[in-house]
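**Student:** What shape does this take:
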Amino acid sequence: MSPLTLLILGCVTRDGPAVDEDTRAVDDSAQDSAQDSVLDSEACELGEPSVDGDAVPGGTLTLRADHSARWEVSAGALSAEEGAEVTWTLPLDLAVNVPEELGFAATACGARAEGLVTVDWPVSARVIVLYNPLVSGSEDVARAYLNARALPETALCGVPHEDDTTLPGASFPSFLSGTLACVEQVGPQVQLIVPVYGVPYKVTDRIVDIADATRLVTVSLDALLVYGAEAMALTQAVYSPLYRDGDSVTGTYPRAVTFGQQREVKGDGLYLVTRLDGADAAAAIDVIDRTVEAEQLARDGLLDGVVYVDGRFGDSPPDPAASFGSYEWGEWNMWGVRGVFEANGAWPVVWDGNEAEFGTAPAPLNCPDALFYAGWYSYYNYNDAFVWAPGAVGGHLDSCSACDLRSGTWSAEALKRGITATFGAVNEPYVAGMPEYDQLFYALTQGATFAEAAYQSTVVGAWMMVFVGDPLYQPFDRVTR
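**Tutor:** Have a look, this model is predicted:
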């Protein structure tokens, strides 16, 4: 049931009949009538009206009072204007992006009581799950996610394509149209698109290289789906409207906000897109199961492990004047991750400034109980040094960290070995095209979901990033101020 706030304005009682102060002549019947009036007034107290039902758009609530009352509502329809119990049908076009409050009032016994209900869509009505009917196991992954998150059958969206890895640019319009048809069927309140194993994660021949406008490059399909219908006309990467400006050098980061709050300002044609994927369908289902386990641990206060941060340029921070997109800026991201978790203080932080990565001497050779990881750099490589703790989130800054989600790349191998959520580039992103790692982890510690943290920390949109993990994964309670 949605939150309910009642404001009782008070009760006005009726007075008995007036008494002649001069004569004091009141007969017995008048005295009896006055006493009856007092008794009636005492018996008729409005009290606090109650509201039963789920306050969802288009839903029906039951309003009750101790006595027959006259009812008013700020929107929607009542089954009757008067009565001790009436039903209230809520409008369907509410809370597209954020919760909305509606008011009601009951008047009886000379008193008026007012209250508020908060109307919102359940998360289950804000998600569609993309699967590929032509790939064995794809629907199984989608249904596993429906079960894990108690999503309705209407959240299933099958969009066929012959290749489970790459979508040709010429096929993108029909693929996008099929996806948006599913969104339209569920409703404008949809905010999350979740592709699963079997759905391509790359698209060719649509977007020009940010470093060379004369050539088209393969980019992330998920990064285009973020823009919904507007993606049809995109021919180049864009400054992401979802990015929230932070500063790794000063360790200054914006407070995480809900995606609904962003959508309210930026437009309700935007979506968060993270996928459930891996070496095969079983591996993708494992990601779902790991998330369920991790969230239970988080609720019980038992999410535990070590934070590993792998720099490249020694144990002193780089030049604070480093330009955005430079290698020095990438190193500042790592220093920022270190600072975020040292300030958080919940887990030990292991920092290595050697150019060698974890797993290669002189860097530490083993990383047990790895809960959070950020580091760089070797091309298309994974050092098998990590034992991932339940709920682990990590990403490796390299030019092809997610070029292949099945095998060989950093993200693919981390998924095989038990990471819960990861992220990487499907093609050369340049440093500018990667997330601000520190800001991503800071947003998580503020209670952002994995999907919210992913996109609020990524500067360049419609580009190279693919985020693999449950978009709703939320390892921390949301911080509100």
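
**Student:** Any regions of this structure where pLDDT drops low?
**Tutor:** Counting by pLDDT under 70, the chain has low-confidence residues at 1-43, 480-481.

**Student:** Check which helices and strands the lengthiest strand in the chain sits against.
**Tutor:** For the chain, the strand with the greatest residue count under DSSP state E is strand 60-73. Judged by 3 or more C-beta pairs under 8 Å, 6 or more residues apart in numbering; DSSP states H and E, strand 60-73 is in contact with strand 50-52, strand 82-89, strand 100-108. Just so you know, the C-beta spots here come from the backbone N, C-alpha and C atoms, and that holds for glycine as well.

**Student:** list the buried ones in it?
**Tutor:** Neighbour-count burial for strand 60-73 flags 60-61, 63, 65-66, 69, 71, 73 (criterion: 16 or more other C-beta atoms under 10 Å).

**Student:** again, but for stretch 241-261
**Tutor:** Buried-residue list, stretch 241-261, by 16+ other C-beta under 10 Å: 242-244, 246, 248-249, 251, 253-254, 256-260.

**Student:** Show me the contact partners of that stretch.
**Tutor:** 97-98, 191, 226, 262, 266-267, 270, 272, 320, 322, 329, 332-333, 335-336, 339-340, 343, 436, 438-439, 442-443, 446-449, 451-453, 455-459, 461, 478-479, 481 (C-beta atoms under 8 Å, 6 or more residues apart in numbering).

**Student:** From those, keep the buried residues only.
**Tutor:** Neighbour counting over the contacts of stretch 241-261 (16+ other C-beta under 10 Å) leaves 97, 191, 226, 262, 270, 272, 322, 329, 332-333, 335-336, 339-340, 436, 438-439, 442-443, 446-449, 451-453, 455-459, 461 as the buried ones.

**Student:** Helices - which of these land there?
**Tutor:** In helices, judged by DSSP state H, the following of these are found: 262, 329, 332-333, 335-336, 339-340, 438-439, 442-443, 451-453, 455-456.

**Student:** And the furthest pair within the buried residues of stretch 241-261?
**Tutor:** Greatest spacing in these, by C-beta to C-beta: V249 and G260 (30.8 Å).

**Student:** what's next to the helix or strand harbouring V129, contact-wise?
**Tutor:** Remark: V129 resides in strand 127-131, with elements defined by DSSP states H and E. Here strand 127-131 makes contact (C-beta under 8 Å, 6+ apart) with 138-139, 141-142, 145-146, 149, 151, 155-159, 179, 182-183, 186, 190-196, 198-199, 471-472.

**Student:** So which of those residues belong to strands?
**Tutor:** Mapping the contacts of strand 127-131 onto strands (DSSP E) picks out 156-158, 192-195.

**Student:** what would these look like in a markdown table with distance to D277?
**Tutor:** Listed next are the ones in strands among the contacts of strand 127-131 as a markdown table, based on distance: C-beta to C-beta, whole Å:
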| residue | distance to D277 |
| --- | --- |
| L156 | 17 |
| C157 | 16 |
| G158 | 16 |
| L192 | 15 |
| I193 | 14 |
| V194 | 10 |
| P195 | 8 |
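
**Student:** Could you dump those residues into a markdown table with distance to L102 and neighbour count added?
**Tutor:** Formatted as a markdown table, the ones in strands among the contacts of strand 127-131 follow (distance: C-beta to C-beta, whole Å; neighbours: other C-beta atoms under 10 Å):
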| residue | distance to L102 | neighbour count |
| --- | --- | --- |
| L156 | 31 | 17 |
| C157 | 31 | 23 |
| G158 | 36 | 17 |
| L192 | 25 | 20 |
| I193 | 29 | 26 |
| V194 | 30 | 28 |
| P195 | 35 | 29 |
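
**Student:** Between which two of the residues you listed is the distance greatest?
**Tutor:** G158 and L192 (17.1 Å).

**Student:** where does A392 land in three-state SS?
**Tutor:** What DSSP: H, G, I helix; E, B strand; the rest coil gives for A392 is strand.

**Student:** What is the burial count for it?
**Tutor:** With neighbours defined by other C-beta atoms under 10 Å, the count for A392 comes to 25.

**Student:** Make JSON lines from the buried residues of strand 60-73 and add distance to F386 to it.
**Tutor:** JSON lines is the format used below for the buried residues of strand 60-73 (distance: C-beta to C-beta, whole Å):
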{"residue": "T60", "distance to F386": "51"}
{"residue": "L61", "distance to F386": "50"}
{"residue": "L63", "distance to F386": "56"}
{"residue": "A65", "distance to F386": "61"}
{"residue": "D66", "distance to F386": "63"}
{"residue": "A69", "distance to F386": "64"}
{"residue": "W71", "distance to F386": "61"}
{"residue": "V73", "distance to F386": "56"}
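
**Student:** all helices of the stretch 251-400 of the chain, in order?
**Tutor:** Along the stretch 251-400 of the chain, counting by DSSP state H, counting those that start in this stretch, helices occupy 259-266, 281-299, 327-344.

**Student:** List just the one of the ones you listed that sits closest to D52.
**Tutor:** With C-beta to C-beta as the criterion, D52 lies closest to helix 259-266 of those, at 25.9 Å.

**Student:** Just the C-alpha atoms of the closest one, please, in PDB.
**Tutor:** In PDB, the C-alpha atoms belonging to helix 259-266 read as follows (Å, rounded to 0.1, in the frame of the first residue of the first chain):
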ATOM      1  CA  PHE A 259      16.200   8.100 -12.800                       C
ATOM      2  CA  GLY A 260      12.600   9.300 -12.500                       C
ATOM      3  CA  GLN A 261      13.800  12.600 -11.200                       C
ATOM      4  CA  GLN A 262      16.200  12.900 -14.200                       C
ATOM      5  CA  ARG A 263      13.500  11.900 -16.600                       C
ATOM      6  CA  GLU A 264      11.200  14.500 -15.300                       C
ATOM      7  CA  VAL A 265      13.700  17.200 -16.300                       C
ATOM      8  CA  LYS A 266      15.500  15.600 -19.300                       C
END
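
**Student:** Show me how the chain divides into domains.
**Tutor:** Split into domains by automatic domain parsing, the chain comes to 4-119, 124-468.

**Student:** any idea which of the ones you listed is most buried?
**Tutor:** Stretch with highest mean neighbour count among these: domain 124-468 (a mean of 20; mean count of other C-beta atoms under 10 Å).

**Student:** what's the span of it, first residue to last?
**Tutor:** This stretch, domain 124-468, spans 20 Å end to end (C-alpha to C-alpha, to the nearest Å).

**Student:** Next, format the buried residues of stretch 241-261 as CSV and append distance to E48.
**Tutor:** Shown next, in CSV, are the buried residues of stretch 241-261 (distance: C-beta to C-beta, whole Å):
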residue, distance to E48
L242, 42
Y243, 46
R244, 41
G246, 46
S248, 52
V249, 54
G251, 48
Y253, 43
P254, 40
A256, 36
V257, 34
T258, 31
F259, 35
G260, 30
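
**Student:** who's the nearest residue to L225 once chain neighbours are set aside bridged to?
**Tutor:** Once flanking residues are discounted, L225 sits nearest to V273: 4.8 Å by C-beta to C-beta, 6 or more residues apart in numbering. In this entry, V273 is beta-bridged to I193, by DSSP bridges.

**Student:** pretty sure V273 contacts A231?
**Tutor:** No: using C-beta atoms under 8 Å, V273 is not in contact with A231; the gap is 10.6 Å.

**Student:** Appreciated, that's everything.
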